[in-house]
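**Student:** Sequence plus predicted model, see below.
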Amino acid sequence: MKGLVLKKNADKFTVEIEDKKEICTARNLKEQGIFVGDRVEVSGNVIEKVLSRKNLLVRPPLANLDKMIIVIAKTPKPDFLLVDKLLIFCTLNDIEPLLCINKSDLGEDFVEEVVKNYEKATKIVVISTLDDTVLCLKKEVKGITTLAGQSAVGKSSIINAIFKSEITQIGDFSKKVERGKQTTRLVELYEVEKSKYLADTAGFSKLDEKLLNVDEYELRKYYPEFIAPSHNCKYKSCLHLSPKDCGVCEAVKNGKISKLRYENYKILQENIKNVKRF
Ligand SMILES: Nc1nc2c(ncn2[C@@H]2O[C@H](COP(=O)(O)OP(=O)(O)OP(=O)(O)O)[C@@H](O)[C@H]2O)c(=O)[nH]1
Ligand SMILES: [Mg+2]
Ligand SMILES: [Zn+2]
């Protein structure tokens with residue numbers, strides 16, 4: 001019988017098989033590994049085979065991701081470079097990205113600024129887990145969807161609000177910042193409705209550039225808002241790093257491209273150069 005791995009706890013797996021949750025073990029699958037999100041063949045509560053995967057993330061361990069909801073908030077202070085890396089990561093791994101601005105109750109200025117910087121880069125939703133706006137995320141869940149983002153942006157609060165129960169543990173913000181610890185440790189898929197799952201995870205708070213595996217020329221295409229202005233660059237090979245003869249630099253100067261996004265692009269270019277050198 002075929003099933004979907006919802007949860008992994010040591011050597012026990014919670015597998016959904018025909019709408020029922022079964023606790024399974026695995027036999028002889030060590031090398032290949034079994035991850036949350038894996039579709040598997042099970043017989044007699046033993047996982048016999050892992051079916052081929054669309055993608056696989058190692059940290060956090062998650063297979064077959066269809067969509068990633070990248071959560072940010074006014075507090076904790078957003079790491080927009082991480083947001084850009086996650087957006088690139090999604091495109092590279094055939095994952096649909098969505099930028100979610102949480103804690104909109106903390107002020108409109110922040111929301112407006114983020115929208116201004118990112119509206120040309122990705123789809124955005126604005127929510128607060130303190131009101132009903134959080135429910136619009138339910139519609140956004142597609143196949144296997146994960147929440148991603150820094151600790152304390154409200155990922156577990158979103159899951160709780162959607163499921164209206166305390167199924168995941170919410171951390172105390174001030175305590176968390178003091179200890180610098182994350183609250184959510186295990187990865188688990190929660191079913192939103194039939195065949196739609198949402199994962200809570202503590203991962204994706206850091207991403208190694210090596211994981212991105214793009215070269216300096218490819219990087220340009222992951223900044224979609226650069227493409228039209230780049231037609232004004234004198235040379236096709238222009239990396240948009242110096243203002244001479246560069247349409248992208250011109251667009252940044254005129255405010256047509258977000259300065260924040262351009263600065264992130266320059267940092268990533270620098271990182272790619274350094275990774276290559278080592
Ligand atoms: N003001 C406000 N606070 C919120 C909102 N959503 C969540 N919080 C608070 O933010 C803090 C962190 O929430 P969590 O849901 O634990 O954050 P998390 O992203 O799951 O954190 P990790 O599990 O450590 O990755 C808690 O104190 C929540 O009450 C919101 O919409 N508005
Ligand atoms: Mg959490
Ligand atoms: Zn250029």
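**Tutor:** Perfect, I can see it now. Numbers count the residues shown, from 1 in each chain. Ligands and ions are numbered 1, 2, ... in the order given.
**Student:** and Glu112, what helix or strand is that in?
**Tutor:** Remark: Glu112 resides in helix 108-118, with elements defined by DSSP states H and E.
**Student:** Dump that helix to PDB, keeping only the CA atoms.
**Tutor:** In PDB, the C-alpha atoms belonging to helix 108-118 read as follows (Å, rounded to 0.1, in the frame of the first residue of the first chain):
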ATOM      1  CA  GLU A 108       1.600  49.600   8.700                       C
ATOM      2  CA  ASP A 109       4.900  51.400   7.900                       C
ATOM      3  CA  PHE A 110       6.800  48.100   8.000                       C
ATOM      4  CA  VAL A 111       4.300  46.400   5.800                       C
ATOM      5  CA  GLU A 112       4.300  49.100   3.200                       C
ATOM      6  CA  GLU A 113       8.100  49.100   3.000                       C
ATOM      7  CA  VAL A 114       8.300  45.400   2.500                       C
ATOM      8  CA  VAL A 115       5.600  45.400  -0.200                       C
ATOM      9  CA  LYS A 116       7.500  48.200  -2.000                       C
ATOM     10  CA  ASN A 117      10.700  46.200  -2.000                       C
ATOM     11  CA  TYR A 118       9.300  42.800  -2.800                       C
END
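**Student:** So which residues make contact with that helix?
**Tutor:** Among residues not part of helix 108-118, those counted as contacts by C-beta atoms under 8 Å, 6 or more residues apart in numbering are 72, 74, 78, 80, 83, 99, 101, 104, 124, 126, 258, 260-261. For every residue, glycine as well, the C-beta is placed using N, CA and C.
**Student:** Buried ones among those residues?
**Tutor:** Restricting the contacts of helix 108-118 to buried positions leaves 72, 74, 78, 80, 83, 99, 101, 104, 124, 126, 258, 260-261, with burial counted as 16 or more other C-beta atoms under 10 Å.
**Student:** residues from this structure in reach of ligand 3?
**Tutor:** The chain comes close to ligand 3 at residues 233, 238, 240, 246, 248, as judged by C-beta under 5 Å from the ion.
**Student:** Mind checking which of those residues land in helices?
**Tutor:** Secondary structure defined by DSSP state H assigns Val248 of the residues of the chain next to ligand 3 to helices.
**Student:** Just put the residues of the chain next to ligand 3 in a markdown table and tack on neighbour count.
**Tutor:** Conversion of the residues of the chain next to ligand 3 to a markdown table gives the following (neighbours: other C-beta atoms under 10 Å):
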| residue | neighbour count |
| --- | --- |
| Cys233 | 19 |
| Cys238 | 19 |
| His240 | 24 |
| Cys246 | 21 |
| Val248 | 27 |
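**Student:** Touching, Leu57 and Leu65? I think so.
**Tutor:** Yes - using C-beta atoms under 8 Å, Leu57 and Leu65 qualify as a contacting pair, with a distance of 6.7 Å.
**Student:** can you give me the helices for the stretch 151-278 of the chain?
**Tutor:** For the stretch 151-278 of the chain, the helices identified by DSSP state H, counting those that start in this stretch occupy 155-163, 173-179, 209-212, 216-219, 227-230, 247-253, 259-277, in order along the chain.
**Student:** give me the low-pLDDT residue ranges for the stretch 101-250 of the chain?
**Tutor:** Within the stretch 101-250 of the chain, the stretches falling below the threshold (pLDDT under 70) are 165-185, 202-211.
**Student:** Kindly report the domain assignment for the protein.
**Tutor:** 2-52, 57-200, 209-277 (automatic domain parsing).
**Student:** just those domains: most buried one?
**Tutor:** domain 57-200 (a mean of 18; mean count of other C-beta atoms under 10 Å).
**Student:** Show the end-to-end separation of that domain, please.
**Tutor:** End-to-end span of domain 57-200 (C-alpha to C-alpha, to the nearest Å): 14 Å.
**Student:** sorry, back to before: common neighbours of Leu57 and Leu65, please.
**Tutor:** When C-beta under 8 Å, 6+ apart defines a contact, the residues bordering Leu57 and Leu65 alike are Asn93.
**Student:** returning to that earlier point: among the contacts of helix 108-118, which pair sits farthest apart?
**Tutor:** Using C-beta to C-beta, those span at most 21.4 Å, a distance reached by Ser104 and Arg261.
**Student:** For Asp19, give its distance to ligand 3.
**Tutor:** The gap separating Asp19 from ligand 3 is 54 Å, by C-beta to the ion, to the nearest Å.
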